[in-house]
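In: Dropping the sequence and predicted coords here.
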Amino acid sequence: MNFIVAATKKAIKHLYNTDIAADDINLQETRKEFDGQVTIVTFPFTKFSKKSPEQTGNEIGAYLKDELTEVSGFNVIKGFLNISLSDDYWLDQLKEEVLSPGFGVFKPNGQKVMVEYSSPNTNKPLHLGHVRNNLLGFSVAEILKAAGYEVIKTNLVNDRGIHICKSMLAWQKWGDGETPELACMKGDHLVGKYYVLFDREYKVQIEALKAKGQTEEEAKKNAPLIREAQEMLQKWEAGDKQVIDLWKKMNAWVYTGFAETYKNLGVSFDKFYYESDTYILGKDIIEEGLEKGVFFRKEDNSVWIDLTDEGLDQKLVLRSDGTSVYMTQDLGTAQLKYNDFHMDKSIYVVGNEQDYHFKVLFTILKRLGKPWAEGLYHLSYGMVDLPSGKMKSREGTVVDADDLMDEMEQTAKEQTEAKGKLDSFSAAEKERLFHIIGMGALKYFLLKVDPKKRLLFDPNESVDFDGHTGPFIQYTHARIRSVLRKAAEINANAAKSYRQLVKEERDLIVLLLRFPEIIKESAKGYSPAVIANYVYELAKTYNKFYHQISILSADDEPSRQFRLQLSDAAGKAINKGMKLLGIEVPERM
RNA sequence: GCACUUGUAGCUCAAUUGGAUAGAGCACCUGACUACGGAUCAGGAGGUUAGGGGUUCGACUCCCUUCAAGUGCACCA
């Protein structure tokens, strides 16, 4: 569309003797209730045209029609100049862009980006909140790849700390040697069970102490269980063999469980970082910051940074006893990641409860003069809430990731079997299809919403399979494939003689041509929702096309071939778009 | 208390980043299959964009303010 902007610049120079920046020309898609495909907003031009918006539009429109063979007509409504482009133009675009093999994938841009996501704790299984995180991270990585970046997906596993010791301690006390095999339980669920058990017993102890006259705060600090857990953490840090062995054993259970969940979710990683390795990092950065005068030391020897001039607080970066806090290790880890990969950008997919933390983290790194700090970005997403409120692992009010996926597949099975179209499927094919559809519904449901918004999930209301959903789009794909199977072969040469477009064809071409810009937009905003809404729009537009005009029994062979080709292009774009969301599309369903 | 985020149809979400009469889906009502796949399509009804002020040719979008919801403000991670 650049040629229209350029010609409009010329028109304004010629008509009104004014130079205007390309950015000041506002091009948009013509609304579907008006004729045309491209619209120029002419209100801003009246300043120098000294004429009404209508007259300005008419003058520019007439100029463009004269100058550009691609412009076949125009109309003006108020300050909107609606331009129609010729069928030849659209057919050329279809051939050169949409039908070229590389459509929907940008050439490598030479930039490297890291996407850190998932980042689970190893003391409990994944829940719906993690699911949103994982799907977002994976999808954003795919989108950035399509936009031309080299992507490194990382997972920073929180595998140490007091919360891990809680499950370990509970298992040691009451586990009686239980293993995932003996319990017939996924390892992460088994460990989670002991985490919950710890919390229950801990609460009993707190109540007992309170009954003896201690305050809530005292009781929480003095309960024998929490003291034991703290001792265990100290032993872990000291490298006590027994504790380390137990830690390794239980973490291994968890990793086996996570691997299964990740596989079902369809997500993967290029590099794992473990906090047991990284928690000691960052102290050299503290030294560096002190030398540079970015940090200051208080009398008690603790180290701080003063960010009050930016509307933030003073923030502790090292304890008075010289040990690390969260910020310390994140500073160190950021440096480690950069040393490992020298990436241009680094995306942290982390919930919005940590907005402040990342604001501070990035500010500190910038003040330290790290040139790569400009490329850091916190992809902050909203919490997933239940109708009852927030999910809490310890209180058991969570939607478990594995259970949820099972339920989705089960629902997909019921829905699909009710349609009765599976006669030719083998048992294995059916299982695979139920997985594809169930996960398609779930993933689309979670990804179509703008990441920064909080998400409400009602477990009692099943995720829809009709309308604005994953299965709707998957169905459209299956339907396209069905048509193409029946057509057997597409003759691209026959399609070339096609010239006169009908509205439904043109609408589809116009929309298909937007795909690359949509990828750019979603990559820029780190938002899979942009892709999700586009693919839905595309599927809807195809369905309209499909219902409105005949494909296989078109009036003449060129029409038939052209429409088959267009169907093929739409199917491929749907497939690519869904792939960017991490959603598979079936050939039949 | 301070800071950040959010508020759009009964419900779940859009709105080309300041542009036309604010669009979809679900639910509700009416139509379309001796079939290129009805998990579809065509149509109807449903709105003071939380309230109020301002900026301008033009505001869901920007500014101020009130209200509501969420999150954060540890020598926890």
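Out: It's in.

In: Just give me the residue right at the centre of chain A.
Out: Closest to where the C-alpha atoms of chain A average out (C-alpha atoms, centre = their mean) is A:L136, at 2.7 Å.

In: tell me which element that residue falls in.
Out: Using DSSP states H and E, A:L136 sits in helix A:128-146.

In: For that helix, C-alpha coordinates in PDB please.
Out: These are the backbone C-alpha positions of helix A:128-146, laid out as PDB (Å, rounded to 0.1, in the frame of the first residue of the first chain):
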ATOM      1  CA  LEU A 128      -4.400 -23.100  35.000                       C
ATOM      2  CA  GLY A 129      -2.400 -20.000  35.700                       C
ATOM      3  CA  HIS A 130       0.800 -21.800  34.500                       C
ATOM      4  CA  VAL A 131      -1.100 -23.000  31.500                       C
ATOM      5  CA  ARG A 132      -1.800 -19.400  30.500                       C
ATOM      6  CA  ASN A 133       1.900 -18.600  31.000                       C
ATOM      7  CA  ASN A 134       3.100 -21.500  29.000                       C
ATOM      8  CA  LEU A 135       0.700 -21.000  26.100                       C
ATOM      9  CA  LEU A 136       1.600 -17.300  25.900                       C
ATOM     10  CA  GLY A 137       5.300 -17.900  26.100                       C
ATOM     11  CA  PHE A 138       5.300 -20.600  23.500                       C
ATOM     12  CA  SER A 139       3.000 -18.600  21.100                       C
ATOM     13  CA  VAL A 140       5.000 -15.400  21.400                       C
ATOM     14  CA  ALA A 141       8.200 -17.400  20.600                       C
ATOM     15  CA  GLU A 142       6.500 -18.800  17.500                       C
ATOM     16  CA  ILE A 143       5.300 -15.400  16.500                       C
ATOM     17  CA  LEU A 144       8.700 -13.800  16.900                       C
ATOM     18  CA  LYS A 145      10.200 -16.600  14.800                       C
ATOM     19  CA  ALA A 146       7.700 -15.900  12.000                       C
END
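
In: A:T122 contacts A:G187, doesn't it?
Out: No. Using C-beta atoms under 8 Å, A:T122 is not in contact with A:G187, being 9.8 Å away. Glycine gets a C-beta too; all of them are placed from N, C-alpha and C.

In: any idea what sits nearest A:K13, other than its immediate chain neighbours?
Out: Closest residue to A:K13 apart from its sequence neighbours, by C-beta to C-beta, 6 or more residues apart in numbering: A:D19 at 6.2 Å.

In: what touches both of A:T122 and A:G187?
Out: Common neighbours of A:T122 and A:G187, using C-beta atoms under 8 Å, 6 or more residues apart in numbering, are A:250, A:254-255.

In: Which element, helix or strand, includes A:T39?
Out: Per DSSP H and E, A:T39 falls inside strand A:38-41.

In: which other helices and strands contact that strand?
Out: Packing partners of strand A:38-41 (3 or more C-beta pairs under 8 Å, 6 or more residues apart in numbering; DSSP states H and E): helix A:2-16, strand A:27-29, strand A:80-85.

In: export these to a markdown table and tack on mean pLDDT?
Out: Shown next, in a markdown table, are the helices and strands packed on strand A:38-41 (pLDDT from 0 to 100):
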| stretch | mean pLDDT |
| --- | --- |
| helix A:2-16 | 93 |
| strand A:27-29 | 91 |
| strand A:80-85 | 95 |
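
In: from those, which stretch is densest packed?
Out: Neighbour counts (mean count of other C-beta atoms under 10 Å) averaged over each of the helices and strands packed on strand A:38-41 peak at strand A:80-85, with a mean of 22.

In: Any residue of that one touching RNA strand B?
Out: Yes. Strand A:80-85 is in contact with RNA strand B by C-beta under 7 Å from any atom of the strand, via A:80, A:82.
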